[in-house]
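# one predicted model, sequence on top.
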Amino acid sequence: MTLRSQNLRYKKMKPKIIKLSTGILLFLFVGASCQKEKNELPPLENKILSIIETNFNGCKESLKSSETERYVELKAEGENQLRLKFINARINCAGLDTTYAAINDGILKVTFFDYNLANCLCDFDLDCVIDSMENREYNLEVYAHGEEPKAKFTFTYSSMLDSKFILY
């Protein structure tokens, strides 16, 4: 085979090599875009979470209208811990009995149980720290004195979390 015939053969193959290379690259890009994102987490499993700290203040006397704003503060603390503060939560005048946190049907539910000793309600600032949080999005429901959630919203837990959700 002469040098000239080899060059001619190479010139004929060059467009085929370019088309084949382009096809392979296109296939790789399409295949990569169809893969699951690395950040996608499995659904939350039902479990009870540890409450490592619970606090509440005394019953607040009649508040001025400017002080009656109810809200929930969320702040990341320590290693994978969430401090949840429920400001001006209306519960039984006798105060807080216990706090419970669990993931149930994909929802993080925090319940502040009040004593059933008194026959009156007043505003308290409730506070708890939940352990073993994961860096992910959560649907949150906060319960205090009743069967219906007093707050429902979505937040993303991370070490930078520091948010306030005003309740109406």
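Noted; the coordinates are in hand. Residues are numbered from 1 along each chain as shown.
# against Thr156, how distant is the closest residue to Thr98 other than its chain neighbours?
Nearest residue to Thr98 in three dimensions, chain neighbours excluded: Phe113, at 4.9 Å (CB to CB, 6 or more residues apart in numbering). Backbone N, C-alpha and C define where each C-beta goes, glycine included. With distances taken as CB to CB, to the nearest Å, Phe113 is found 27 Å from Thr156.
# who has more neighbours, those two?
Using other CB atoms under 10 Å, the more surrounded residue of Phe113 and Thr156 is Phe113, with 15 against 11.
# could you check how far that one is from Met160?
Taken as CB to CB, the span from Phe113 to Met160 is 31 Å.
# also Asp105?
Taking CB to CB, one finds Asp105 at 28 Å from Met160.
# what segments of the protein are helices?
3-34 (DSSP state H).
# can you point me to the longest strand in it?
The strand that spans the most residues within the chain, counting by DSSP state E, is strand 81-92.
# that strand: which residues count as buried?
81-92 (16 or more other CB atoms under 10 Å).
# quick one: which of the residues you listed is nearest to Leu140?
Within the set of those, Leu84 lies nearest Leu140; the separation is 8.3 Å, counting by CB to CB.
# just checking, the closest one touches Asp125?
No - the criterion here is CB atoms under 8 Å, and Leu84 misses it with Asp125 at 11.5 Å.
# residues touching Leu41, list them.
Contact analysis of Leu41 by CB atoms under 8 Å, 6 or more residues apart in numbering lists 134, 136.
# how close does it sit to Val72?
23 Å.
# over to Asn88?
Distance from Asn88 to Val72, by CB to CB: 10 Å.
# who does the nearest residue to Lys164 once chain neighbours are set aside form a beta bridge with?
When the adjacent residues along the chain are set aside, Lys164 lies closest to Glu73, with 5.1 Å between them (CB to CB, 6+ apart). When bridges are called by DSSP bridges, Glu73 pairs up with Lys85, Lys164.
# identify the residues contacting Glu73.
For Glu73, the contact set (CB under 8 Å, 6+ apart) comprises 83-85, 87, 163-165.
# and for stretch 160-168, what are the contacting residues?
Outside stretch 160-168, the residues that touch it by CB under 8 Å, 6+ apart are 69-76, 82, 150-151, 153, 155.
# if we go to 6 Å?
Applying CB atoms under 6 Å, 6 or more residues apart in numbering, the external contacts of stretch 160-168 come out as 70-76, 151, 153.
# stretch 99-118 too?
43-44, 46-49, 51, 54, 84, 91-98, 126, 128, 130, 138-145.
# in strands only, show me those.
47-49, 51, 54, 84, 91-92, 96-98, 126, 128, 130, 138-144.
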